[in-house]
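*Asks:* Sequence plus the predicted model coming up.
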2 protein chains.
Amino acid sequence: MELVTGGAGFIGSHLVDSLVAKGKRVRVLDNFSSGREEFLSHHAGSNMVEVIRGDLLDLESVSSAMEGVDTVHHMAANPDIRLGTSVTDTDLRQGTIATYNVLESMRREGVSKISFSSSSAVYGEASQMPTPETYGPIKPISLYGASKLASEALITAWCGTFGAKSWIHRFANIVGPRGTHGVIYDFVHKLKSDPSRLEVLGDGKQEKSYMSAGDCVSAMLHLVDGVDADVNLYNLGTGDTCSVGRIAEIVVEESGLEGVSIEYTGGDRGWAGDVPKTSLDVGFLFSTGFSPGMQSEQAIRHTAQALIDEIGL
Amino acid sequence: MELVTGGAGFIGSHLVDSLVAKGKRVRVLDNFSSGREEFLSHHAGSNMVEVIRGDLLDLESVSSAMEGVDTVHHMAANPDIRLGTSVTDTDLRQGTIATYNVLESMRREGVSKISFSSSSAVYGEASQMPTPETYGPIKPISLYGASKLASEALITAWCGTFGAKSWIHRFANIVGPRGTHGVIYDFVHKLKSDPSRLEVLGDGKQEKSYMSAGDCVSAMLHLVDGVDADVNLYNLGTGDTCSVGRIAEIVVEESGLEGVSIEYTGGDRGWAGDVPKTSLDVGFLFSTGFSPGMQSEQAIRHTAQALIDEIGL
């Protein structure tokens, strides 16, 4: 049995699909704060997916979800980086403390393998780009990034102290169908409410690595199956980047809308804690034999199509 | 006004002494869980040191301690690395969450400078020795080390999001008078209860960097006064190391006891989460013009003398 925390969420639900496709039985633990029942509804009646509605801040419910579990795929987190700026304990609670509860439950129940969705946000504004896993010192600039690094540290400490085994995935920006947040999602919603203009936070020159959710999930499972150190820490991405301005153009193209005015608010970042440029070195990932199906622009276009379908214009 | 959290503790009280010697007024916030009134008793009646008995887990008392503060010297933490193994939320609460409360109180009260006592424990078992600040990825293996890395990440996120300024000091093992824990303290207590033998956890070959508390405090204030980036992150140490076996010999020598049998329990580390060898690259610190007054062995001998005096044999 595989446990997927946040399994009703954006990336989590794609992971559930992949695990089921591999013939694994899956237990989902989700508080449905951003997860949605419809993301898992195609598994109803299959007997492969069990869904528990529970919160990671409740240690007892996390512990009881561990029964019979082989590997924990810990995907649950606050998905909205910007929220950390206004409610400053959001990421501490839903990131760091939630991860502690997952690890402590694993220790109590004798579960020893954890695969964790970390983030390129741990690197903050790195001086080396593309940024390899060996870059240091890393100084996250968002509270979200801080909670991901804190969670990584808890995980490696659990491995070092209690003998757990871990796969830590530092994600590029992950995009795809079922997205519930992020720049493409925001753009589609903005076009829906005003089809004549598209406001872009910042100057449009922010540039980041994007990876499709399908590729992300494939890479995670490729690593969990294929590499075997006590702590396996990898950047997950495509090796290229795309600017926010280009994303705006792609979303407008895919919308089919005519005469949309793309307007920039200015400044080098979208909000406090936003990183203007991220580019992940994915040499270690590629050296394990993985290669992504889509590059950044392709993943963005595919996502724009899917979200326009899901959200409607 | 300077605020020193944990100012009644081992290193904190040395820092208070140095700040007062520089003519600064100091407010101490300490819960006296390991801090002691006698470490500050020599400041009684001087009007330079104000002591507040309060817990960092109480956000309101931390916030009220911020009034009129220029720089926060955040020294409070669980001092006992081994405790994290048995009560697994010790470091999460007294490290990570306490640091969050300090930062959130600073944000609320408009205090923007923080100097933080981090630790070489963040590096875990680094493959590069001496380990520079640029080493990555860092994977702490103790829950204490995890909480220090988590606290660093919160601090850099606060700097990146809310414009705070920080000095992060990754300490070697700090030793000196008023020590309340650690290997020398343990050895003196063991000799006190049985002067015929000294049990050493592990094989005695564990090797770490040691720095005197006086040098540590000098280095911290040297950096706070002398370097001025948004985030200033430095290893603090002497550049050399000493083995646990050698420490045992020095403590026995300083004890004046004859015929003590030094006995090793075996194994390459003292306890789960202990790092067998740490050696800090202190080139960045030295490049700022700082040099320590004592090397590792000298600091250990000085500490052994002081703790034998304090504890008695």
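*Replies:* Yep, it's here. This one's a predicted model, so the numbers in the text were calculated from it and none came from an experiment.

*Asks:* gap between A:Asp268 and chain B?
*Replies:* Separation of A:Asp268 from chain B (Cβ to the nearest Cβ, to the nearest Å) stands at 13 Å. Backbone N, C-alpha and C define where each C-beta goes, glycine included.

*Asks:* Setting the sequence-adjacent residues aside, check what's closest to that residue.
*Replies:* With Cβ to Cβ, 6 or more residues apart in numbering or on different chains as the criterion, A:Asp268 has its nearest non-adjacent residue at 4.8 Å, and that residue is A:Pro276.

*Asks:* could I get the lowest-mean-pLDDT helix or strand in chain A in PDB with only the CA atoms?
*Replies:* Sorted by mean pLDDT, DSSP states H and E, the helices and strands of chain A end with helix A:83-86, the least confident at a mean of 84. Extracted C-alpha coordinates of helix A:83-86, given in PDB (Å, rounded to 0.1, in the frame of the first residue of the first chain):
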ATOM      1  CA  LEU A  83      -0.200  33.300   1.100                       C
ATOM      2  CA  GLY A  84       2.900  33.000   3.300                       C
ATOM      3  CA  THR A  85       3.400  36.700   3.000                       C
ATOM      4  CA  SER A  86       0.100  37.600   4.600                       C
END
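
*Asks:* which other residues reach that helix?
*Replies:* By Cβ atoms under 8 Å, 6 or more residues apart in numbering or on different chains, the residues outside helix A:83-86 that reach it are A:Asn78, A:Thr90, A:Asp91, A:Ser142, A:Leu143, A:Tyr144, A:Ser147, A:Trp271, A:Ala272, A:Gly273, B:Ala157, B:Thr161.

*Asks:* So which of those belong to helices?
*Replies:* A:Thr90, A:Asp91, A:Leu143, A:Tyr144, A:Ser147, B:Ala157, B:Thr161 (DSSP state H).

*Asks:* and the fourth one, how many neighbours does it have?
*Replies:* Here the number of neighbours of A:Tyr144 (other Cβ atoms under 10 Å in any protein chain shown) works out to 28.

*Asks:* ok, now which ones touch the residue nearest to it when sequence neighbours are not counted?
*Replies:* Leaving aside its sequence neighbours, A:Tyr144 sits nearest to A:Ile81 (Cβ to Cβ, 6+ apart; 4.2 Å). Contact analysis of A:Ile81 by Cβ under 8 Å, 6+ apart lists A:Ala121, A:Ser142, A:Tyr144, A:Gly145, A:Gly273, A:Asp274.

*Asks:* With A:His73 instead?
*Replies:* A:Glu2, A:Leu3, A:Val4, A:Thr5, A:Gly7, A:Gly12, A:Leu15, A:Leu19, A:Ile114, A:Ser115, A:Met220.

*Asks:* tell me which element A:Glu50 falls in.
*Replies:* Assessed by DSSP states H and E, A:Glu50 sits inside strand A:49-53.

*Asks:* following that strand, which helix or strand shows up next?
*Replies:* helix A:59-64.

*Asks:* what sits up against that following helix?
*Replies:* Under the contact criterion Cβ under 8 Å, 6+ apart, helix A:59-64 has outside partners A:Leu29, A:Ile52, A:Gly54, A:Asp55, A:Leu56, A:Asn101, A:Val102, A:Glu104, A:Ser105, A:Arg108, A:Glu109.

*Asks:* cool, and stretch A:32-40?
*Replies:* With Cβ under 8 Å, 6+ apart as the criterion, stretch A:32-40 contacts A:6-10, A:12-13, A:16, A:28, A:49, A:51, A:53, A:79-80, A:178, A:180-181.

*Asks:* Only the buried members of those: can you turn that into a ChimeraX selection?
*Replies:* Of the contacts of stretch A:32-40, the buried ones can be selected in ChimeraX as follows, counting by 16 or more other Cβ atoms under 10 Å in any protein chain shown:
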select /A:6,7,8,9,10,12,13,16,28,49,51,79,178,181
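
*Asks:* Skipping its backbone neighbours, what lies nearest A:Leu201 in space?
*Replies:* A:Gly270 (3.7 Å).

*Asks:* what's near enough to touch the one you found?
*Replies:* Neighbouring residues of A:Gly270 by Cβ under 8 Å, 6+ apart: A:Leu201, A:Gly202, A:Gln206, A:Val244.

*Asks:* The second one belongs to a helix?
*Replies:* No: in this structure, A:Gly202 is coil, not part of a helix, as judged by DSSP: H, G, I helix; E, B strand; the rest coil.

*Asks:* How many neighbouring residues does it have?
*Replies:* Neighbours of A:Gly202 using other Cβ under 10 Å come to 18.

*Asks:* any idea how far the closest residue to it other than its chain neighbours is from A:Gly176?
*Replies:* Of all residues not flanking A:Gly202 in the chain, A:Gly270 sits nearest, at 4.6 Å (Cβ to Cβ, 6+ apart). Per Cβ to Cβ, to the nearest Å, A:Gly270 is found 20 Å from A:Gly176.

*Asks:* returning to that earlier point: buried only: go through the contacts of helix A:83-86 for me.
*Replies:* A:Asn78, A:Thr90, A:Asp91, A:Ser142, A:Leu143, A:Tyr144, A:Ser147, A:Gly273, B:Ala157, B:Thr161.

*Asks:* show me what contacts the residue in the stretch 201-313 of chain A positioned nearest to chain B?
*Replies:* Nearest residue of the stretch 201-313 of chain A to chain B: A:Gly273, at 4.2 Å (Cβ to the nearest Cβ). By Cβ under 8 Å, 6+ apart, the residues touching A:Gly273 are A:Ile81, A:Arg82, A:Gly84, A:Thr85, A:Ile141, A:Ser142, A:Leu143, A:Tyr144, A:Gly145, B:Ala157, B:Gly160, B:Thr161.

*Asks:* Okay, helices next: where are they in chain A?
*Replies:* Counting by DSSP H, the helices of chain A are A:10-21, A:59-64, A:83-86, A:90-91, A:98-109, A:143-162, A:183-193, A:213-226, A:244-255, A:283-287, A:296-311.

*Asks:* Is chain B within reach of the fourth one?
*Replies:* The reference is to helix A:90-91. No: Helix A:90-91 does not reach chain B (Cβ under 8 Å from any Cβ of the partner chain); its nearest approach is 8.5 Å.

*Asks:* rewinding a little: which one of the contacts of A:His73 has the most neighbours?
*Replies:* A:Thr5 leads the contacts of A:His73 on contacts (other Cβ under 10 Å) with 31 neighbours.

*Asks:* Chain B versus that residue, what's the distance?
*Replies:* Distance, A:Thr5 to chain B, by Cβ to the nearest Cβ: 18 Å.

*Asks:* could you list every residue that touches the closest residue to that residue other than its chain neighbours?
*Replies:* Among residues not flanking A:Thr5 along the chain, A:Ala76 sits closest, at 4.0 Å (Cβ to Cβ, 6+ apart). Neighbouring residues of A:Ala76 by Cβ under 8 Å, 6+ apart: A:Thr5, A:Gly6, A:Gly9, A:Gly12, A:Leu29, A:Asp30, A:Asn31, A:Leu56, A:Gln94, A:Ala98.

*Asks:* one more time with 6 Å
*Replies:* A:Thr5, A:Gly6, A:Leu56 (Cβ atoms under 6 Å, 6 or more residues apart in numbering or on different chains).

*Asks:* Contacts only, for the residue in the stretch 151-300 of chain A positioned nearest to chain B.
*Replies:* Taking Cβ to the nearest Cβ, chain B has its nearest neighbour within the stretch 151-300 of chain A at A:Gly160, 2.4 Å off. A:Gly160 makes contact with B:Ile141, B:Gly273 under the criterion Cβ under 6 Å, 6+ apart.

*Asks:* A:Ser243 - how many residues pack around it?
*Replies:* 16.

*Asks:* hang on, it packs against A:Tyr210?
*Replies:* No: if you go by Cβ atoms under 6 Å, A:Ser243 and A:Tyr210 don't touch, sitting 10.7 Å apart.

*Asks:* Residues that sit against both of these two, list them.
*Replies:* Contacts common to A:Ser243 and A:Tyr210, judged by Cβ under 6 Å, 6+ apart, are absent.

*Asks:* Any residues of chain A in contact with chain B? List them.
*Replies:* A:85, A:88, A:92, A:100, A:104, A:133-137, A:139-143, A:146, A:149-150, A:153-154, A:156-157, A:160-161, A:231, A:233, A:272-273 (Cβ under 6 Å from any Cβ of the partner chain).
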